[in-house]
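make a model of this:
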Amino acid sequence: MKKYILFLFLTFIACKNSIEEDCFQNEDNKIFEPYIEESPFSVNQILDEKPEYLEINNLKKFRSFKKDSIEGHTYVYDEEKSKKKYEDYQAKYKDFNDKFFGQFGYIIRQNENGVDYALGRNNLGFWLLKIYNNQPKAYFLGLSFSHYYINEVQELPIINHGFLQFEGSLVKIVKVAGLPGYDDYSAIEDGKLFKIKLADLEKDTDNDGYNDIFENSFGLDSKNADSDGDKINDFDDMNPLFKSGKSKFTSLYEELLPKHFVFDENNLKRMHYFFIPYESNCEYFQKINSKFRILILPDNSKKTDYLKVTDIVNGRFSKIKRDKKVANKFYISTFGSSSTTDYSAEYKKGKWIFTIISQTTV
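Okay, here's the model as predicted:
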């Protein structure tokens with residue numbers, strides 16, 4: 001019995017030390033470690049690190065990255081032509097927009113044996129979208145947009161003999177000087193045909209609604225429909241990687257989460273593929289209860305292969321700093337792609353009172 005009590009005591013001390021280290025700033029900590037851009041992969045590195053389920057073939061005749069990116073993304077300055085282009089796009093993908101509540105941008109669509117398919121992209125990466133019997137499904141491709149470019153114009157069918165296939169290039173990210181947070185791309189090898197078996201893409205071992213590739217890419221358990229054990233299926237869980245809880249500091253983070261979206265808030269629970277990713281090892285942050293879907297990702301060596309090469313995190317929080325004189329007063333900073341906001345936060349009568357100390361836009 002004494003050994004058991006000692007074990008519980010040591011576990012408590014270890015957890016407390018971990019929370020102090022992961023959540024609070026001490027004099028030796030930097031408030032925030034900025035994102036460091038890794039050196040771009042070479043073609044050989046991309047090919048060596050590609051997922052096993054992906055097949056890459058060389059095309060003899062192909063549409064170059066330069067031609068496709070210029071023609072596909074050139075802004076139309078004529079107001080009437082620009083309006084017509086937008087209206088045509090909306091009309092072409094209306095059924096997908098309606099079924100997926102505007103969660104994706106679309107590249108191309110195809111009907112195959114009564115099934116409607118489209119290639120799409122959101123902030124997490126590339127997806128194959130499917131509407132069958134009026135029911136929408138999305139399958140994550142697990143291909144980093146840091147390495148792979150999908151042509152806006154596809155000259156071959158995207159669904160062919162049990163495969164998803166698409167034309168594109170191997171690319172690297174280029175940071176644009178003077179535009180913080182803005183990325184451009186440069187081709188390092190053109191003329192590729194990428195192929196994935198539909199059976200591999202649609203595989204959902206735990207039958208929770210997310211394909212195995214999605215779960216493996218973001219650290220969910222592909223063999224357990226409830227990754228965090230909170231009795232909520234991952235597909236319906238707003239925080240699928242961690243059990244939500246209540247505490248003073250969890251509520252601090254919840255108050256600082258974004259409050260407004262371009263999406264209808266009534267649809268947020270039905271937007272199963274719309275996540276806002278954060279990086280944090282802080283237990284208080286990991287337990288937040290959010291109105292929108294969040295993925296709380298590790299900011300250490302536990303990152304998945306996909307996350308090691310794909311920076312999808314746009315917002316970050318600093319560690320919490322205690323005020324040396326006022327017991328319930330703290331300091332915290334939020335970081336966006338091109339801005340920083342510093343807050344003081346005082347906890348009074350069960351509520352947080354925030355004061356903006358400074359804001360910086362880069």
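
sketch out the low-pLDDT regions of this structure for me.
Low-confidence segments of the chain (pLDDT under 70): 1-17, 27-38, 72-77, 176-182, 262, 362.

how about the contacts made by the residue most central in space within it?
Central residue of the chain (CA atoms, centre = their mean): L124, 3.5 Å from the mean position. L124 makes contact with 140, 218, 273, 275, 277, 312, according to CB atoms under 8 Å, 6 or more residues apart in numbering. C-betas here are computed from N, CA, C, even on glycine.

can you pull up the bridge partners for the fourth one?
Beta-bridge pairing of F275 under DSSP bridges involves R293.

neighbours of it, how many?
Here the number of neighbours of F275 (other CB atoms under 10 Å) works out to 20.

go on, I56?
15.

ok, now I353?
I353 has 13 nearby residues by other CB under 10 Å.

and the closest residue to it other than its chain neighbours, how far from I288?
Distances taken as CB to CB, 6 or more residues apart in numbering place E346 nearest to I353, at 4.9 Å, with adjacent residues excluded. E346 sits 20 Å away from I288, taking CB to CB, to the nearest Å as the criterion.

so for the two, which residue has more residues nearby?
I288 (25 against 15).

quickly find the element holding that one.
Per DSSP states H and E, I288 falls between elements, in no helix or strand.

measure N57 to I70 for me?
25 Å.

tell me the bridge partners for the residue nearest to K197 when sequence neighbours are not counted.
Closest residue to K197 in three dimensions, ignoring its sequence neighbours and counting by CB to CB, 6+ apart: F163, at 5.9 Å. Beta bridges link F163 to N160, K197, judged by DSSP bridges.

show me this structure divided up by domain.
Under the assignment automatic domain parsing, the domains of the chain span 2-34+219-361, 43-201.

those domains: which one's closest to D208?
Proximity to D208, assessed across the domains of the chain by CB to CB, is greatest for domain 2-34+219-361 (3.7 Å).

how about the strands in the stretch 251-362 of the chain?
Under the criterion DSSP state E, counting those that start in this stretch, strands of the stretch 251-362 of the chain are mapped to 275-279, 293-297, 316-317, 321-322, 329-335, 339-348, 351-361.

can you tell me the strand partners of the fifth one and which way each runs?
Sheet pairing for strand 329-335, assigned by DSSP bridges, gives strand 316-317 (antiparallel), strand 321-322 (antiparallel), strand 339-348 (antiparallel).

next one: the first one to chain centre, how far?
When distances are taken as CA atoms, centre = their mean, to the nearest Å, strand 316-317 is centred 15 Å away from the chain's centroid.

need the contact partners of it.
Contact with strand 316-317 is made by 32, 253, 256, 278-280, 282, 285, 332-335, as judged by CB under 8 Å, 6+ apart.

please pick the buried ones from those residues.
Neighbour counting by 16 or more other CB atoms under 10 Å classes 253, 256, 278-280, 282, 285, 332-335 among those as buried.

can I get these in TSV with distance to G105?
Converted to TSV, the buried ones among the contacts of strand 316-317 look like this (distance: CB to CB, whole Å):
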residue	distance to G105
Y253	29
L256	28
Y278	22
E279	24
S280	28
C282	32
F285	29
I332	33
S333	31
T334	26
F335	25
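
now, among these, which is nearest to Y132?
Closest approach between the buried ones among the contacts of strand 316-317 and Y132, by CB to CB: Y278, at 33.3 Å.

what sits against that closest one?
Applying CB under 8 Å, 6+ apart to Y278 gives the contacts 285, 294-297, 313, 315-317.

next: I312.
123-125, 277.

repeat that with 10 Å
Neighbour list for I312: 122-125, 144-146, 217-218, 275-277, 279, 295, 297, 306 [criterion: CB atoms under 10 Å, 6 or more residues apart in numbering].

next one: D95
For D95, the contacting residues are 109, 116, 118, 131, 134, 136, by CB under 10 Å, 6+ apart.

counting neighbours, what do you get for the first one?
Neighbour count of R109, defined by other CB under 10 Å: 18.

same thing with the fifth one?
N134 sits with 7 neighbouring residues when counted by other CB under 10 Å.

so it sits against K99, correct?
Yes - here N134 reaches K99: they are 8.0 Å apart, a contact under CB atoms under 10 Å.
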